[in-house]
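In: Dropping the sequence and predicted coords here.
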Amino acid sequence: MAYSAARLELESAFERYLLDAVAPAAAPSSGVQIVDYRELERTTPRIHAVVGAAPVRATWSIGGASTSVDITPLVFGAAWKILDLVVDAIVGTLQNGDPLPISSKHRQALVGNGPARPKPFGNNPELWKRYMRLYANAMDLRHSVVHRELIVRPSGDLEATASRNQAAPPTVMSVQELNFFFRAVQGFYSALISEKLITRERDHLCYLVNRLQGHHGLGQLPEREITRDVLILAKPVALPSGSFEFDARPLLAEAYTRWPTGAVNVMIFMPDGAVLGGPLEDAPADQPASIRSDYRSKWLQVLPEEVWRPWARFGQS
């Protein structure tokens, strides 16, 4: 059976629920920076900060009683299982329909770039390769979880128990590395299920897997950590021909200077009342973009009113 993003979404539902509920991929945002360029006569934009809500804290309840339980091994098992589901779907099954032996999947994950890359990783072989190495090299930790032989150090680090013929030392994943691993897997399945990986999401995944270099054993990739949201409000420039253009380059450069770890989105308010929006990192980097309200580009789309309405008169008296 061929790989399917829809089937991955269905089969990984429990594991994704556990990861999303217990180990969120991103820390609660402190808010969003609003950068308003709509007053074209101004030489500098108006900048506002919208404060976010406080983080929500959860309490575990087992049998009706509140309790404190270290479920890190369970969360690790769920994260690793998602990688295993992806590999399973790509490498196929034995002739009788049974899954390939785990030793066979381990070998395939370590060969070249690993199994064939589904969307959107076709153009990201180096990032995919690192995920396959993480899957293979953390396999002894998975075995130790399944066979109840895992060592949980007082620090919270997880240590595998060496198998009888294991040549390499047992894998140890620190608390910090576990945090990066969980977030890296969440970004991985989000990209696979949506079949999309925009520039800033790819750069952030590279940041996460770079923190796990000791486990995949490969070099550093170009990265950019994302820790906050930036929203740019803008208008297009009208040309003598009657068409419109938008130059993202100076706006993105300014945003990166002020907030180097910002995820930068833009809303462009068109003269006809339409509002276009998208990730500014994916705007053309070599020239201004020609834009139209009735034409959807690769990085811009027409936003529904409920999305742009709160910002239409934001900061205006």
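Out: Arrived safely, thanks for sending.

In: I'd guess residue 263 is in a strand, am I close?
Out: Yes: using DSSP: H, G, I helix; E, B strand; the rest coil, the assignment for residue 263 is a strand.

In: so it touches residue 230, yeah?
Out: Yes: between residue 263 and residue 230 a contact is recorded at 6.7 Å, counting by C-beta atoms under 8 Å. Any C-beta I mention is one placed from the backbone N, CA and C, and that applies to glycine too.

In: In the stretch 201-317 of the chain, mark out all the strands, start to finish.
Out: Counting by DSSP state E, counting those that start in this stretch, the stretch 201-317 of the chain has strands at residues 228-234, 237-238, 244-246, 262-269, 275-279, 289-291, 301-302.

In: Which of the ones you listed sits closest to residue 13?
Out: Smallest distance to residue 13 across the strands of the stretch 201-317 of the chain (C-beta to C-beta): 26.5 Å, for strand 262-269.

In: how about the residue positioned nearest the centre of the chain, phi and psi?
Out: Closest to where the C-alpha atoms of the chain average out (C-alpha atoms, centre = their mean) is residue 187, at 3.0 Å. Note on residue 187: backbone dihedrals following degrees, to the nearest 10 are phi -60, psi -30.

In: now residue 127
Out: phi -70, psi -40.

In: Pull the number of nearby residues for it.
Out: 20 (other C-beta atoms under 10 Å).

In: Quick check: it touching residue 209?
Out: Yes: using C-beta under 8 Å, residue 127 is in contact with residue 209, at 6.8 Å.

In: Pull up the overlap in contacts between those two.
Out: Here residue 127 and residue 209 share the contacting residues residue 221, scored by C-beta atoms under 8 Å, 6 or more residues apart in numbering.

In: In contact with the closest residue to residue 187 other than its chain neighbours: list those residues for me.
Out: With sequence-adjacent residues excluded and distances taken as C-beta to C-beta, 6 or more residues apart in numbering, residue 187 is closest to residue 205, at 4.8 Å. Applying C-beta under 8 Å, 6+ apart to residue 205 gives the contacts 127, 184, 187, 188, 191, 197.

In: Relative to residue 192, how far out is residue 205?
Out: 12 Å (C-beta to C-beta, to the nearest Å).

In: can you check residue 5 too?
Out: Taking C-beta to C-beta as the measure, residue 5 falls 6 Å from residue 192.

In: what does residue 220 give?
Out: 23 Å.

In: Name the residue in these two with the higher neighbour count.
Out: residue 192 (23 against 11).

In: Would you mind measuring from that one to residue 7?
Out: 11 Å.

In: for the stretch 1-150 of the chain, which spans come out with low pLDDT?
Out: 1, 24-31, 43, 50-69 (pLDDT under 70).

In: Please repeat the previous calculation with a cut-off of 80.
Out: 1-2, 22-31, 40-44, 48-70, 92-99, 112, 148 (pLDDT under 80).

In: now the strands for it?
Out: Using DSSP E, counting those that start in this stretch, the strands of the stretch 1-150 of the chain run over residues 31-36, 46-51, 61-62, 65-66.

In: Pull up the pairing partners for the first one, direction included.
Out: Within its sheet, and counting by DSSP bridges, strand 31-36 is paired with strand 46-51 (antiparallel), strand 228-234 (parallel).

In: so which of these is the most packed in?
Out: strand 228-234 (a mean of 21; mean count of other C-beta atoms under 10 Å).

In: For that strand, the averaged confidence score.
Out: The average pLDDT within strand 228-234 is 92.

In: How about stretch 192-210?
Out: In this model, stretch 192-210 has a mean pLDDT of 95.

In: Could you give the number of residues near residue 245?
Out: So residue 245, with other C-beta under 10 Å, has 14 neighbours.

In: Quick check: beta-bridge partners of it?
Out: residue 237, residue 290.

In: That one and residue 235 touch, don't they?
Out: No: the pair residue 245 and residue 235 does not pass the contact test of C-beta under 8 Å, sitting 11.2 Å apart.

In: shared neighbours of residue 5 and residue 192, which are they?
Out: Common neighbours of residue 5 and residue 192, counting by C-beta under 8 Å, 6+ apart, are 118, 119.

In: is it possible to export the strands paired with strand 31-36 to TSV including distance to residue 299?
Out: Formatted as TSV, these follow (distance: least, C-beta to C-beta, whole Å):
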stretch	distance to residue 299
strand 46-51	23
strand 228-234	13
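
In: Would you tell me which of those gets closest to residue 290?
Out: Of all those, it is strand 228-234 that lies closest to residue 290, at 15.1 Å by C-beta to C-beta.
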